[in-house]
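Peer 1: got a predicted structure plus its sequence, pasted below:
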Amino acid sequence: MGKTIIPIGPYHPLQEEPEFFTLTVEGETVVDIDMRMGYNHRGIEKLSEMKTFENSTFVVERICGICSTSHPYAYTRAVEDIFPMEVSMRSKYIRTIIAEGERIHSHLLWLGLAGHFLGYNTVYMWAWKLREEILDVMEILSGNRNAYAMFKPGGVRRDINAEDIPISLKKIDSILPTLDMLKKAVLDDPVLHARLKGVGVMSYQEAIDFSALGPTSRASGVARDVRKDSPYGAYQEMEWDMIVTKNGDVFDKAVIRILEMFEAAKIMKYCLNNLPDGEIDAKIKDVPPGEGIGHIEAPRGETFHYVKSDGTNRPVRHKVRAPTFMNLPTYKATIKGQTISDATIILAAIDPCYCCTERIAVKDGKGRMLYNGQDLIRLSRSKTEKIRQRMGGR
Amino acid sequence: MTREEVLLDFTSRFHADILDLEDKSNTRLYVDIKPESIVRIGTYLFRNIGARFNIATATDLPPKIEILYHFILEDINLLISLRVFLDGEKPEIESLAKEIEAFNWIEREMSELLGITFIGHPDPRRLLLADNWPEGVYPLRQDYEEWDNTSDRTRGV
């Protein structure tokens, strides 16, 4: 693999980042999978040891381009856990608003790409168009479409202006009917039912054994959500539902993400309507020696940060664990026995990086190359097309 | 089980293996244990109590290497961190990956970044570092030195 740019850091495969999968196939059936990663090892854990506690927030914000808030959120909670201290109610609400807005646009991005892989480009266009609307809301609230830089240890960096709240609420309300239409279009489509049900199934026990996280585990019936299990932010302030399904297939993973967007919108609206007054920054000065753990529910599952301090202004050790680190190995359970035309969507179902699916190589028993990424997307689409024709065309 | 019951059960069952116990807050518990007990305690927490394995974090603290295994009991919101200290010269510990799949990748990561040997690991291949990375160079060790003269890693730091 030749040149390595930075020698060490967190393995972080969430979006648009390369990995290498080797599927071993017998005829049409996948019998084994092997993964090779580390192509994007950026040394962020090491880098963080050279930054002050406040500066590391910006470094970890750049780990992921899609869920850019999940890492600062987990990191700031880890630093606050060293004391341990609680931030003000107002900053908890603001943090929750940003985190839930991010969940909506992250799930929309996944839904669009899943549609794209299956040959449903209309779903792709609609989902990404809706995503623009929610990014606009985020820009109104934070000043940025992504990488909001709202978090700091001890609170948030910027306040939400009172005059921005009505316009944000109006915008959220305006996208809900379209989201509902999209939900019906996807969940009531008989072709999608035939295409995705029973594909890439992970059982309840496998989800436990792999310690799978987020929608990947909730689709298999494991009711596991950091927002409910270890309440943080403003999540215990309002009523909302954890979405859990039983079947563990790709369809259920899609259902979970689609329904979660409505819950996220509900939480966001409650927080905007009931934003309490108060300080937004606890202005922490010196971080005492000790260690802290911060974990939050990112769109893909639990993000986990561990920070060790020796009383100076820099962390001695900063460990980052992205949810996909636990979710990627579940491929060993979900892909074996499936056909190659389902491989693309199974590998996309945990919501990992997407360009990685273009780096899959399919080898036959003798090591010859059979398909590349483009071929796999084509195979995946033609299977959808066959099901569609069998069901009478549309 | 409540928090107190779990604690009582845990400390009475493993009192010979526990060296120290720090009850840091309502949701955090740090337990120093003997390295040779890790598989017994780890599998007990995972299989019998039903804890989820979060992740393990290893830190080089010369002359020792510390590993923390984080488990969360979701029902009672208690994060238990098992702490072991290994000899920095020849760090070795029994692998949990042969019992539980979830430990597979993080043990591979710790073994290449800090040079810890996990005895009995089912798949001890390299996970993250490049193929041309020399054997025996561990980037998260405190005494790590740049080995590649052709690279420029000063930019942006």
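Peer 2: Everything's here; your move. Because the structure is a prediction, the values reported are computed rather than measured. Residues are numbered from 1 along each chain as shown, chains lettered A, B, ... in the order given.
Peer 1: for the strand or helix carrying residue A:108, packing partners?
Peer 2: Assigned by DSSP states H and E, residue A:108 falls within helix A:89-118. Applying 3 or more CB pairs under 8 Å, 6 or more residues apart in numbering or on different chains; DSSP states H and E, one finds that helix A:89-118 makes contact with helix A:70-82, helix A:121-142, strand A:155-156, helix A:164-187, helix A:190-196, helix A:250-273, helix A:340-349, helix A:373-390. Where you see a C-beta, it was placed from the backbone N, CA and C, and this is true even at glycine.
Peer 1: thought residue A:72 was touching residue A:63?
Peer 2: No: between residue A:72 and residue A:63 there is no contact under CB atoms under 8 Å: 9.2 Å.
Peer 1: higher neighbour count, these two?
Peer 2: Neighbour totals were compared for residue A:72 and residue A:63, and residue A:72 leads with 31 against 21 (other CB atoms under 10 Å in any protein chain shown).
Peer 1: grab the nearest non-local neighbour of the more buried one.
Peer 2: residue A:151 (3.9 Å; CB to CB, 6 or more residues apart in numbering or on different chains).
Peer 1: tally of neighbours for the one you found?
Peer 2: Neighbour number of residue A:151 under other CB under 10 Å is 28.
Peer 1: the one 3 residues further on too?
Peer 2: Neighbour count for residue A:154, taken as other CB under 10 Å: 23.
Peer 1: which residues are in contact with it?
Peer 2: Counting by CB atoms under 8 Å, 6 or more residues apart in numbering or on different chains, residue A:154 touches A:76, A:80, A:85, A:87, A:281-284.
Peer 1: what sits against the residue nearest to the spatial centre of chain A?
Peer 2: Geometric centre of chain A, nearest residue: residue A:300, 3.0 Å, by CA atoms, centre = their mean. Residue A:300 is in contact with A:14, A:67, A:106, A:213-216, A:322-324, A:327, A:350-352, counting by CB under 8 Å, 6+ apart.
Peer 1: then residue B:116?
Peer 2: Going by CB under 8 Å, 6+ apart, residue B:116 touches B:58, B:65, B:67, B:86, B:91-93, B:110.
Peer 1: any idea how far it is from chain A?
Peer 2: 14 Å (CB to the nearest CB, to the nearest Å).
Peer 1: in a helix, residue B:38, correct?
Peer 2: Yes: assessed with DSSP: H, G, I helix; E, B strand; the rest coil, residue B:38 lies in a helix.
Peer 1: my guess is it contacts residue B:71. True?
Peer 2: No: checked against CB under 8 Å, the pair residue B:38 and residue B:71 is beyond contact range at 11.7 Å.
Peer 1: just to revisit the earlier point, which among the contacts of residue B:116 count as buried?
Peer 2: B:58, B:65, B:67, B:86, B:91, B:93, B:110 (16 or more other CB atoms under 10 Å in any protein chain shown).
Peer 1: can you put those residues in CSV and add distance to residue A:258, pLDDT and secondary structure?
Peer 2: Shown next, in CSV, are the buried ones among the contacts of residue B:116 (distance: CB to CB, whole Å; pLDDT from 0 to 100; DSSP: H, G, I helix; E, B strand; the rest coil):
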residue, distance to residue A:258, pLDDT, secondary structure
B:58, 39, 94, strand
B:65, 45, 96, strand
B:67, 40, 96, strand
B:86, 46, 96, strand
B:91, 46, 95, coil
B:93, 43, 96, strand
B:110, 37, 93, helix
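Peer 1: those residues also near chain A: which ones?
Peer 2: Among the buried ones among the contacts of residue B:116, no residue lies close to chain A (CB under 8 Å from any CB of the partner chain).
Peer 1: ok, those residues vs residue A:33, which is closest?
Peer 2: residue B:110 (23.0 Å; CB to CB).
Peer 1: work out for me the element residue B:24 sits within.
Peer 2: If you go by DSSP H and E, residue B:24 is part of strand B:18-25.
Peer 1: that strand to helix A:70-82, inter-axis angle?
Peer 2: If you take axes from the mean of the first three to the mean of the last three CA atoms, to 10 degrees, strand B:18-25 sits at 100 degrees to helix A:70-82.
Peer 1: strands paired with strand B:18-25, and their directions?
Peer 2: Strand B:18-25 sits in its sheet next to strand B:28-33 (antiparallel), going by DSSP bridges.
Peer 1: quick revisit: chain A: which of the contacts of residue B:116 is nearest?
Peer 2: residue B:58 (8.3 Å; CB to the nearest CB).
Peer 1: can you pull the contacts of that closest one?
Peer 2: B:65-68, B:110, B:113-114, B:116, B:140.
Peer 1: isn't residue B:120 right up against residue B:94?
Peer 2: Yes: contact status for residue B:120 versus residue B:94: in contact at 6.5 Å, counting by CB under 8 Å.
Peer 1: mind checking the SS state of residue A:224?
Peer 2: coil.
Peer 1: in stretch A:216-230, what counts as buried?
Peer 2: A:216-222, A:224-230.
Peer 1: and these as JSON lines, adding secondary structure, distance to chain B and pLDDT?
Peer 2: JSON lines is the format used below for the buried residues of stretch A:216-230 (DSSP: H, G, I helix; E, B strand; the rest coil; distance: CB to the nearest CB, whole Å; pLDDT from 0 to 100):
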{"residue": "A:216", "secondary structure": "helix", "distance to chain B": "13", "pLDDT": "92"}
{"residue": "A:217", "secondary structure": "helix", "distance to chain B": "9", "pLDDT": "94"}
{"residue": "A:218", "secondary structure": "helix", "distance to chain B": "13", "pLDDT": "95"}
{"residue": "A:219", "secondary structure": "coil", "distance to chain B": "16", "pLDDT": "95"}
{"residue": "A:220", "secondary structure": "coil", "distance to chain B": "14", "pLDDT": "95"}
{"residue": "A:221", "secondary structure": "coil", "distance to chain B": "14", "pLDDT": "95"}
{"residue": "A:222", "secondary structure": "coil", "distance to chain B": "9", "pLDDT": "94"}
{"residue": "A:224", "secondary structure": "coil", "distance to chain B": "6", "pLDDT": "93"}
{"residue": "A:225", "secondary structure": "coil", "distance to chain B": "9", "pLDDT": "94"}
{"residue": "A:226", "secondary structure": "helix", "distance to chain B": "9", "pLDDT": "95"}
{"residue": "A:227", "secondary structure": "helix", "distance to chain B": "12", "pLDDT": "95"}
{"residue": "A:228", "secondary structure": "helix", "distance to chain B": "9", "pLDDT": "94"}
{"residue": "A:229", "secondary structure": "helix", "distance to chain B": "4", "pLDDT": "93"}
{"residue": "A:230", "secondary structure": "coil", "distance to chain B": "5", "pLDDT": "93"}
